[in-house]
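[1] Need a 3D model of the following:
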Amino acid sequence: MPGDVLAQPHRRYDPLADEWILVSTKRIQRPLQTGHGSRRPSQRVAYDPGCYLCPGNARANGEANPAYLETFVFTNDFAALRPDTSVAGFESGLLRAEAERGTCRVICFSPRHDLTMARMAPPAVRSIVDLWADQTMELGKTYRWVQVFENRGETMGATNPHPHGQIWAGSALPVQAAREDATQRRHHAATGRRLLLDYVDQEQRGPRVVVENDDWLIVVPFWAAWPFETLVIPKRPTKRISDLDGVARDALVRSLIELLSRYDNLFHHPFPYSMGWHQAPFDGGDHDHWQLHAHFYPPLLRSATVRKFMVGYELLAESQRDLSAEEAAERLRAVPARHYQLDETNGER
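    Below you'll find the model as predicted:
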């Protein structure tokens, strides 16, 4: 078995599930600055001298962050993907692997250690949206798939409480992306329309809507698996974040702030989640079937301490939910759109 392939970032094929899995063994070495056996920094201070994401502080590799004032991007010091990975692979019987080239970047949303997107002023969140768009186009020149995402909270694996997200870009089309590409392509071939725009037409002003305006629909999808899962969809044909004009970006900012405020207000607790944008791949195709969208997957179920676990039947058979999509949306609409911790004087706290 070629050890050089398995020692670097690579994908392994599962012939039973007909799926691929990304293997990046050096990720386990990344530092933890949450409660996982290390000092837990306060989330209520604007600057933490021990945080490796705060302005001016040294990161785990010894390199110092600049004294950034807005957003800040750097290549992950413990990247799951590397641009210098070889393109070799191997196949032996049922064992099949392929090397995976790519890169991983960290996006610091704010120099403030104690903020989250829900409690940032709209211009600051607009800077994040613009950065998502710029990074997407830059990385799309080299890589087929650009995955913008955020893990918020220790529950969802965030290793640092500083407000930040990530962008991973790779040469392969990941499993979820390939599946969504196929379903959207089939619908477009059969109807001439984009699947998610048809879904917008069916859901708008309906019982599963959480946030809606002229440009965006945020809905607890009919098929949601996680209790308060949401889907964020632009109402106009859009392939990537970079295709959004200024009006749509500003509307997205307001929509995200409202959604995240409602999440936090539900249990008066910083709502953990994993979220990510699914954009059209960069593979030379026209992708007229693809509609930009974002998934939010929060795990909380009944309180700040009671979460949904995907175990047993969910792991071995199929997803099962304990709360209807309609009830989840109703509960999110019932809480205030203004964040419970928002400072009346400056919009940030």
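[2] can you map out the strands along the stretch 201-349 of the chain?
    209-212, 216-219, 230-234, 273-278, 293-297 (DSSP state E, counting those that start in this stretch).
[3] List the neighbouring strands of the longest one plus their orientation.
    Which is strand 273-278. Strand 273-278 has the following sheet partners, assigned by DSSP bridges: strand 145-152 (antiparallel), strand 293-297 (antiparallel).
[4] ditto for the second one
    According to DSSP bridges, strand 216-219 has the following sheet partners: strand 209-212 (antiparallel), strand 230-234 (antiparallel).
[5] Just give me how far that strand sits from the chain centre.
    Offset of strand 216-219 from its chain centre (C-alpha atoms, centre = their mean, to the nearest Å): 16 Å.
[6] Same question for the fourth one.
    When distances are taken as C-alpha atoms, centre = their mean, strand 273-278 is centred 2 Å away from the chain's centroid.
[7] What lies in contact with that strand?
    Contact partners of strand 273-278, identified using C-beta atoms under 8 Å, 6 or more residues apart in numbering, comprise 132, 147-153, 156-157, 176-177, 180, 241, 263, 292-299. For glycine as for every other residue, the C-beta is placed from the backbone atoms N, C-alpha and C.
[8] In contact with Asp198, which residues?
    Residues near Asp198 by C-beta under 8 Å, 6+ apart: 187, 191.
[9] Show the backbone phi and psi for it.
    Asp198 adopts backbone torsions of phi -60, psi -40, taken as degrees, to the nearest 10.
[10] so how far is Val209 from it?
    Using C-beta to C-beta, to the nearest Å, Asp198 is found at 16 Å from Val209.
[11] Nearest to Ser171, out of the strands of the stretch 201-349 of the chain?
    Closest approach to Ser171 among those is made by strand 273-278 (17.4 Å; C-beta to C-beta).
[12] CA-only coordinates of the closest one in PDB, if you can.
    C-alpha atoms of strand 273-278 as PDB (Å, rounded to 0.1, in the frame of the first residue of the first chain):
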ATOM      1  CA  TYR A 273     -24.200  25.600  14.900                       C
ATOM      2  CA  SER A 274     -22.300  24.600  11.800                       C
ATOM      3  CA  MET A 275     -23.200  26.600   8.700                       C
ATOM      4  CA  GLY A 276     -21.800  26.600   5.200                       C
ATOM      5  CA  TRP A 277     -22.400  28.000   1.700                       C
ATOM      6  CA  HIS A 278     -22.900  25.700  -1.300                       C
END
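[13] and it, average pLDDT?
    Mean pLDDT, strand 273-278: 98.
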